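Engineer: Test case, fold it:
(chains A and B)
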Amino acid sequence: DTEVTQTPKHLVMGMTNKKSLKCEQHMGHRAMYWYKQKAKKPPELMFVYSYEKLSINESVPSRFSPECPNSSLLNLHLHALQPEDSALYLCASSQPTEGRGRYGYTFGSGTRLTVV
Amino acid sequence: GDSVTQMEGPVTLSEEAFLTINCTYTATGYPSLFWYVQYPGEGLQLLLKATKADDKGSNKGFEATYRKETTSFHLEKGSVQVSDSAVYFCALSDHPMGNYQLIWGAGTKLIIKP
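Structural biologist: Coordinates of the predicted model:
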């Protein structure tokens, strides 16, 4: 299995809702990432988990809360989002200790989030 | 800090034309270089990569050579198809060990007309 699976593919939520994005991989990768991508822009790193521990938080607002329950799963809990948070949210995975990133990341197909 | 510069798009070509998308980089270390492709409405796919000078990455008819002397990693394809229409991102990774982060170019939109 060489895929990263993200659910749901599309999500519309109100500003008072609580929702979660899910990401799963079975490649044995021990680093997992959340990215945010606005239209026509490169992805922006949000969070990095290494061996199920949060290692990087790129100053993301607290209305985004990541969770890594085990080595295969990554969640992003959403609460009280703003319309400007509407974007494509991408999950990715990689081996964390492979030197200069020889193998690249494997990305999921993303969740397209619309906040109304 | 490290950075990646790509040619601005959109790049519009006719089917079967030759494609070049320029990418240059600055890095303090000895980076690995990548091209990712994003088809409309989809996530990112790793297209090809190179980890040391003079390496050539190739996939699906696309090629790019890691040129340390010119700090470049230009993407080429000899004969493009309509299905190649997508956004192409050049990226580098410059961390020697542990988790690594990708530094992204701005992306180049490619439009292929039949």
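Engineer: Can you pull the residues of chain B lying near chain A?
Structural biologist: B:29-32, B:34, B:36, B:42-46, B:49, B:51, B:87, B:89, B:91, B:93-102, B:104-107, B:109 (Cβ under 8 Å from any Cβ of the partner chain). All C-beta atoms are positioned from the backbone trio N, CA, C, and that covers glycine.
Engineer: Pull out the buried members of those residues.
Structural biologist: Buried residues within those, counting neighbours by 16 or more other Cβ atoms under 10 Å in any protein chain shown: B:31-32, B:34, B:36, B:43-46, B:49, B:51, B:87, B:89, B:91, B:93-95, B:99-102, B:104-107, B:109.
Engineer: B:Ser72: what's it in contact with?
Structural biologist: The neighbours of B:Ser72, taking Cβ atoms under 8 Å, 6 or more residues apart in numbering or on different chains as the test, are B:22-25.
Engineer: Kindly apply the preceding question to A:Leu76 instead.
Structural biologist: Residues near A:Leu76 by Cβ under 8 Å, 6+ apart: A:20-21, A:23, A:34, A:46-47, A:64-67, A:89.
Engineer: got a list of what the closest residue to A:Gly14 other than its chain neighbours touches?
Structural biologist: What sits nearest to A:Gly14 in space, not counting adjacent residues and going by Cβ to Cβ, 6 or more residues apart in numbering or on different chains, is A:Val116, at 5.8 Å. Neighbouring residues of A:Val116 by Cβ under 8 Å, 6+ apart: A:12-15, A:83.
Engineer: Any chance of TSV for these, columns pLDDT?
Structural biologist: Formatted as TSV, these follow (pLDDT from 0 to 100):
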residue	pLDDT
A:Val12	96
A:Met13	94
A:Gly14	93
A:Met15	92
A:Pro83	96
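Engineer: Would you mind putting those into TSV with distance to B:Val11 and neighbour count alongside?
Structural biologist: Formatted as TSV, those follow (distance: Cβ to Cβ, whole Å; neighbours: other Cβ atoms under 10 Å in any protein chain shown):
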residue	distance to B:Val11	neighbour count
A:Val12	33	13
A:Met13	36	17
A:Gly14	39	10
A:Met15	39	13
A:Pro83	32	9
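Engineer: just curious, which of those is nearest to chain B?
Structural biologist: A:Val12 (16.0 Å; Cβ to the nearest Cβ).
Engineer: can you pull out the strands in chain A?
Structural biologist: A:4-7, A:10-13, A:18-25, A:31-37, A:44-50, A:53-57, A:64-70, A:73-79, A:87-94, A:106-107, A:111-115 (DSSP state E).
Engineer: any chance of the ones you listed in JSON lines, with distance to B:Ser14 too?
Structural biologist: Output for these, formatted as JSON lines (distance: least, Cβ to Cβ, whole Å):
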{"stretch": "strand A:4-7", "distance to B:Ser14": "35"}
{"stretch": "strand A:10-13", "distance to B:Ser14": "34"}
{"stretch": "strand A:18-25", "distance to B:Ser14": "39"}
{"stretch": "strand A:31-37", "distance to B:Ser14": "29"}
{"stretch": "strand A:44-50", "distance to B:Ser14": "34"}
{"stretch": "strand A:53-57", "distance to B:Ser14": "43"}
{"stretch": "strand A:64-70", "distance to B:Ser14": "43"}
{"stretch": "strand A:73-79", "distance to B:Ser14": "42"}
{"stretch": "strand A:87-94", "distance to B:Ser14": "30"}
{"stretch": "strand A:106-107", "distance to B:Ser14": "30"}
{"stretch": "strand A:111-115", "distance to B:Ser14": "31"}
